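*Asks:* Coordinates only, no sequence provided:
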Ligand SMILES: NC(=O)c1ccc[n+]([C@@H]2O[C@H](COP(=O)([O-])OP(=O)(O)OC[C@H]3O[C@@H](n4cnc5c(N)ncnc54)[C@H](OP(=O)(O)O)[C@@H]3O)[C@@H](O)[C@H]2O)c1
């Protein structure tokens, strides 16, 4: 059998682990993973931290996952070893690591690396036994080849005067944040079209703020950004390029049906609302803003449910039926979304910078790098800065 391709690797590495569910994490020295067929081993360069990471690993969200586990999230990493069946990736390639792991012999068995083992018996088996349970909060990680997306390093990291886009490795973490709303708003799901009016609610969280940017970059004519904290909404707006700011309307989210309906009615200003994009956290379970959003949609309008509500949702049947509304749920995104999104970023169409390049989207606003040992502080910080910050591990 053909040998795997590999750089010289150490025998052990440092990884942030959890031995018992919801108990405190610890940095442990464990063997460096090997490249089995179908996989790559990568050196992690920067791994993003979700704003609700603390709630995942302390059990507040009760996400299902097996232990022991190296925890983690999406990351930017460099290939150091490849299984014998790799045909395109090379040792040294810089990759975006997508945590969405899918069964190879069937559809719908999906888990998120180191975050949740999903919602089917197959997804749970896949995470427990498939060889890819461990995540990216470590020096090295093994990922399936198809979850390693090669990035055009010269173009993305090259200086602007030499035809590059001038990003840093840490800026590239923002691609995984934007990919989530792109999964819902992109052509394979609710398909936001140029000129349309899109409501994003709430737009103050990390994926919510990213959704405002994605909607604008997809050409939305107007983005109605709803949130309880109007100061944060104004800051989300302020991060956009000058030409895009004028297409954003920020409005308060009260959670009270009549109030939110009136707010949306005023914000649409006689026009149509084509899309309502939901990215609510579980805490919004008693809020009526989604129902208000559905009631505000125009004939043929679309609702995209991407939030993390754990409760059932009461929706207005008559409105949905008489107005030919479409409701689509979306968990993460498709593989084709990742490849098309990376093309959008590499072409410069989907920007991670504003026009002055004096900050990187959310980057210089607030960017903080942590060592694995400082995980508790890093999780607190990520929660605190949510939409505005970029908090990540690098070792
Ligand atoms: N479908 C998917 O693939 C997918 C992927 C990633 C995440 N998600 C889900 O999306 C959710 C949101 O993500 P995120 O990154 O934006 O979360 P986040 O950073 O935690 O932000 C959540 C936002 O919701 C607002 N909020 C909190 N309680 C609320 C309430 N009762 N009513 C209305 N707004 C409320 C918060 O702002 P204020 O407290 O200032 O109002 C905050 O800005 C996550 O919790 C997750 O479950 C889904």
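*Replies:* Ah, there it is. Only a predicted model underlies this, so the values are computations on that prediction, with no experimental measurement involved.

*Asks:* Are we agreed that residue 332 is in a helix?
*Replies:* No - when classified by DSSP: H, G, I helix; E, B strand; the rest coil, residue 332 is found to be coil rather than part of a helix.

*Asks:* neighbouring strands for the strand ranked longest in the chain, and are they parallel or not?
*Replies:* Of all segments of type strand in the chain, defined using DSSP state E, the longest is strand 39-48. When sheet partners are counted by DSSP bridges, strand 39-48 sits next to strand 75-82 (antiparallel), strand 140-144 (antiparallel), strand 390-393 (antiparallel).

*Asks:* can you tell me the average pLDDT over it?
*Replies:* Taken as a whole, strand 39-48 has an average pLDDT of 96.

*Asks:* number of nearby residues for the residue in the stretch 101-250 of the chain that the ligand sits nearest to?
*Replies:* Distance from the ligand to each residue of the stretch 101-250 of the chain (CB to the nearest ligand atom) is smallest for residue 205, at 2.1 Å. Any C-beta I mention is one placed from the backbone N, CA and C, and that applies to glycine too. The local packing count at residue 205 equals 20, with neighbours defined by other CB atoms under 10 Å.

*Asks:* what does the stretch 251-395 of the chain put close to the ligand?
*Replies:* Counting by CB under 6 Å from any ligand atom, the stretch 251-395 of the chain comes close to the ligand at 253, 255, 279, 281, 283-284, 287, 306-308, 330-332, 386.

*Asks:* can you check the stretch 1-150 of the chain too?
*Replies:* 51-52.

*Asks:* if you set the cut-off to 8 Å instead, what comes out?
*Replies:* By the criterion of CB under 8 Å from any ligand atom, the positions of the stretch 1-150 of the chain lying close to the ligand are 50-52, 61.

*Asks:* Tell me the one of these nearest residue 74?
*Replies:* If you rank these by distance to residue 74 using CB to CB, residue 50 comes first, at 9.0 Å.

*Asks:* ok, now which ones touch the nearest residue to that closest one once chain neighbours are set aside?
*Replies:* Across the structure, with CB to CB, 6 or more residues apart in numbering as the measure, the residue nearest residue 50 apart from its sequence neighbours is residue 73 (5.6 Å). Contact partners of residue 73, counting by CB atoms under 8 Å, 6 or more residues apart in numbering, are 47-50, 53, 99, 114-115, 135-137, 176.

*Asks:* wait, which of the residues you listed is closest to residue 165?
*Replies:* Nearest to residue 165 among the contacts of residue 73, with distances taken as CB to CB, is residue 176, at 16.9 Å.

*Asks:* ok, and does the one helix or strand the closest one maps to reach over to the ligand?
*Replies:* Secondary structure assigned from DSSP states H and E places residue 176 in helix 169-185. Yes - using CB under 8 Å from any ligand atom, we find that helix 169-185 touches the ligand at 180, 183-184.

*Asks:* looking at those residues, which has the most residues close by?
*Replies:* Among the residues of helix 169-185 next to the ligand, the one with the most neighbours (other CB under 10 Å) is residue 184, at 28 neighbours.

*Asks:* what ranges of the stretch 1-150 of the chain fall below the confidence cut-off?
*Replies:* Flagging of the stretch 1-150 of the chain using pLDDT under 70 yields the residue ranges 1-4.

*Asks:* Count the neighbours of the residue in it positioned nearest to the ligand for me.
*Replies:* Across the stretch 1-150 of the chain, the shortest distance to the ligand (CB to the nearest ligand atom) belongs to residue 51, at 3.5 Å. As a burial measure, the neighbour count of residue 51 was computed by other CB under 10 Å and equals 21.

*Asks:* just checking, it touches residue 209?
*Replies:* No - using CB atoms under 8 Å, residue 51 is not in contact with residue 209; the gap is 10.3 Å.

*Asks:* what sits against residue 279?
*Replies:* For residue 279, the contact set (CB under 8 Å, 6+ apart) comprises 181, 200-202, 205, 207-208, 211, 306-307.

*Asks:* Going by distance to residue 224, which of those wins?
*Replies:* For those, with residue 224 as the reference and CB to CB as the criterion, the closest is residue 200, at 7.3 Å.

*Asks:* and the closest one, what is it in contact with?
*Replies:* Residue 200 neighbours (CB under 8 Å, 6+ apart): 181, 208, 211-212, 215, 223-226, 277, 279.

*Asks:* SS state for it?
*Replies:* Look at residue 200: counting by three-state DSSP, its state is strand.

*Asks:* And the helices in the stretch 1-150 of the chain?
*Replies:* Per DSSP state H, counting those that start in this stretch, the stretch 1-150 of the chain has helices spanning 53-57, 121-129. These are given in chain order.

*Asks:* could I get those helices as TSV with mean neighbour count?
*Replies:* What follows is the helices of the stretch 1-150 of the chain, written out as TSV (neighbours: other CB atoms under 10 Å):
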stretch	mean neighbour count
helix 53-57	21
helix 121-129	17
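
*Asks:* Just send those helices back as JSON lines, with distance to residue 105 too.
*Replies:* As requested, those are arranged in JSON lines below (distance: least, CB to CB, whole Å):
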{"stretch": "helix 53-57", "distance to residue 105": "28"}
{"stretch": "helix 121-129", "distance to residue 105": "9"}
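
*Asks:* Ok, which of those helices comes nearest residue 38?
*Replies:* Using CB to CB, the nearest of these to residue 38 is helix 121-129, at 12.7 Å.

*Asks:* How far does that closest one sit from its chain's centre?
*Replies:* A distance of 22 Å separates the centroid of the chain from that of helix 121-129, by CA atoms, centre = their mean, to the nearest Å.

*Asks:* so what does it touch, helix or strand wise?
*Replies:* Contacts defined by 3 or more CB pairs under 8 Å, 6 or more residues apart in numbering; DSSP states H and E place helix 121-129 against strand 110-112.

*Asks:* Going by residue numbers, what spans are strands in the stretch 101-250 of the chain?
*Replies:* Here the stretch 101-250 of the chain has its strands, by DSSP state E, counting those that start in this stretch, at 110-112, 140-144, 148-150, 197-201, 222-227, 248-252.

*Asks:* Report the contact partners of the closest residue to residue 217 other than its chain neighbours.
*Replies:* Counting by CB to CB, 6+ apart, residue 217 lies nearest to residue 350, which is 4.9 Å off, once chain neighbours are set aside. Contacts of residue 350 were listed using CB under 8 Å, 6+ apart, and they are 178, 214, 217, 341, 344.
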